[in-house]
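1. have a look; sequence and predicted model below, questions after that.
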Amino acid sequence: LVAALKRRDQGTQSHSERVAQNAFVVGRELQLSTADLETLYWSALLHDVGKLSVPEPILLKAGKLTEGEYNEVKRHPEYGAMLLTSMSSEFAKIADIVRAHHERWDGKGYPNGLSGQDIPQLSRIIAVVDVFEALTTLRPYREPMPLETALAYLQQESEKHFDPEVVSVFLVCFQRG
């Protein structure tokens with residue numbers, strides 16, 4: 001699946017690898033079990049696998065997406081979860097985490113509007129790392145955000161978009177390098 005992502009979109013594949021590595025570091029700092037760290041790593045690596053189902057002209061569009069195009073991109077967590085569960089029931093836990101990585105602490109995320117502790121912890125970790133990674137890398141439609149600005153955004157969105165504990169731990173890990 002990772003190879004398929006790479007073939008379709010090099011940027012998404014590289015992004016997923018960085019998210020997986022950094023999510024693992026945050027999970028280790030949160031003292032997750034070895035089993036949860038392994039699940040976190042694979043969930044983070046596959047968090048955007050649903051983008052394989054998003055039409056390429058939308059996925060690779062250089063300009064602003066229309067509302068309809070954006071709504072299609074927003075379906076990628078569901079597409080990813082469906083793809084994973086269709087392959088094997090062994091992927092069910094990873095699929096649940098992938099499905100929830102765009103949920104928000106305040107309940108305004110998607111696809112299910114989960115909030116707070118109802119969002120799987122591993123999804124909450126991926127959400128913070130994913131957004132930071134997305135903000136600080138070059139995208140077809142915008143320049144990367146300066147690191148300080150992205151860190152301030154995470155702090156500003158703590159308790160709204162993000163789990164405050166995860167943001168706090170992410171900041172500690174970032175300061176350590």
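-> Now that the structure is in, tell me what you want to look at.

2. which residues touch the longest helix along the chain?
-> Counting by DSSP state H, the longest helix found in the chain is helix 10-29. With contact meaning Cβ atoms under 8 Å, 6 or more residues apart in numbering, helix 10-29 is reached by 2, 5-6, 36-37, 40-48, 51, 59, 122, 125-126, 128-130, 132-134, 137, 139, 166, 169-170, 172-173. C-betas here are computed from N, CA, C, even on glycine.

3. any idea of the mean pLDDT for it?
-> When pLDDT is averaged along helix 10-29, the result is 88.

4. quick check: end-to-end length of stretch 26-45?
-> Using Cα to Cα, to the nearest Å, one end of stretch 26-45 lies 14 Å from the other.

5. what's the offset of that stretch from the middle of its chain?
-> 14 Å (Cα atoms, centre = their mean, to the nearest Å).

6. same question for stretch 42-62.
-> Using Cα atoms, centre = their mean, the offset of stretch 42-62 from its chain centre is 11 Å.

7. on that earlier part again, can you name the element that comes right after the longest helix of the chain?
-> helix 34-45 (DSSP states H and E).

8. just after that following helix, pick out the following helix or strand.
-> Downstream of helix 34-45 (by DSSP H and E), the next one is helix 56-59.

9. residues in contact with the spatially most central residue of the chain?
-> By Cα atoms, centre = their mean, the chain has its centre lying nearest to residue 130, at 4.1 Å. Neighbour list for residue 130: 19, 44, 47, 101 [criterion: Cβ under 8 Å, 6+ apart].

10. tell me which helix or strand it sits in.
-> helix 121-135.

11. what comes up buried for stretch 49-66?
-> Using 16 or more other Cβ atoms under 10 Å as the burial criterion, the residues of stretch 49-66 that qualify are 49-52, 54, 59.

12. and the contacts of stretch 69-85?
-> Stretch 69-85 is contacted by residues 1, 46-55, 58-59, 61, 65, 91-92, 94-96, 98-102, 110-111 when judged by Cβ under 8 Å, 6+ apart.

13. what about it, how long is it end to end?
-> Stretch 69-85 stretches 25 Å from its first residue to its last (Cα to Cα).

14. kindly report the same for stretch 25-37.
-> Its first and final residues considered, stretch 25-37 spans 9 Å by Cα to Cα.

15. return the set of buried residues in it.
-> Using 16+ other Cβ under 10 Å as the burial criterion, the residues of stretch 25-37 that qualify are 25-27, 29-30, 32, 36-37.

16. ok, of the residues you listed, which one's closest to residue 116?
-> Nearest to residue 116, judged by Cβ to Cβ, of these is residue 30 at 16.4 Å.

17. count the residues that sit near residue 2.
-> 15 (other Cβ atoms under 10 Å).
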